[in-house]
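*Asks:* need a 3D model of the sequence below.
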Amino acid sequence: MLDEVSYQPPIGDLVVFMGGFKRPDQVVLDGMVHTTDYSIEYLASDVTLRQGFVLTIACVQYKVRQTPLANEDGTFVTALLERVRP
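*Replies:* Model (predicted):
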């Protein structure tokens with residue numbers, strides 16, 4: 001299932017695209033620490049994201065943690081995200 005994602009560039013119109021948002025949970029250190037890694041996979045032709053961009057997914061903001069990486073043939077790109085705390 002794809003999610004609607006939006007990004008407001010400093011100049012220009014709101015960019016809206018569809019992406020596969022993942023929020024897998026992982027328990028480490030014998031259950032003492034609970035971490036969550038967020039990521040989004042999207043078509044490279046839909047948008048060009050960069051580190052530091054802030055995206056909105058389901059009314060929650062996430063910041064792109066590092067330069068997104070192209071998958072296999074470059075058709076899809078994966079960006080690692082971190083949740084922006086209000």
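*Asks:* for the closest residue to residue 14 other than its chain neighbours, give me its contacts.
*Replies:* Using Cβ to Cβ, 6 or more residues apart in numbering and skipping residues adjacent in sequence, the residue nearest residue 14 is residue 8, 5.3 Å away. C-beta: built from backbone N, CA, C; applies to glycine. Going by Cβ atoms under 8 Å, 6 or more residues apart in numbering, residue 8 touches 14, 15, 54.
*Asks:* how about the second one: what's its closest non-neighbour residue?
*Replies:* Meaning residue 15. Here the residue nearest residue 15, using Cβ to Cβ, 6+ apart, is residue 7, at 4.7 Å.
*Asks:* so the one you found is in contact with residue 14, correct?
*Replies:* Yes: the pair residue 7 / residue 14 is scored as a contact, 7.4 Å apart, by Cβ atoms under 8 Å.
*Asks:* more neighbours: those two, which one.
*Replies:* residue 7 (15 against 9; other Cβ atoms under 10 Å).
*Asks:* for residue 51, what is the enclosing helix or strand?
*Replies:* Per DSSP states H and E, residue 51 falls between elements, in no helix or strand.
*Asks:* oh, that last question was meant for residue 77, not what I typed.
*Replies:* Applying DSSP H and E, one finds residue 77 within strand 76-83.
*Asks:* got the buried residues for that strand?
*Replies:* Under the neighbour-count criterion of 16 or more other Cβ atoms under 10 Å, strand 76-83 has 76, 77, 78, 79, 80, 81 buried.
*Asks:* report all helices and strands that it contacts.
*Replies:* strand 38-43, strand 60-64, strand 69-71 (3 or more Cβ pairs under 8 Å, 6 or more residues apart in numbering; DSSP states H and E).
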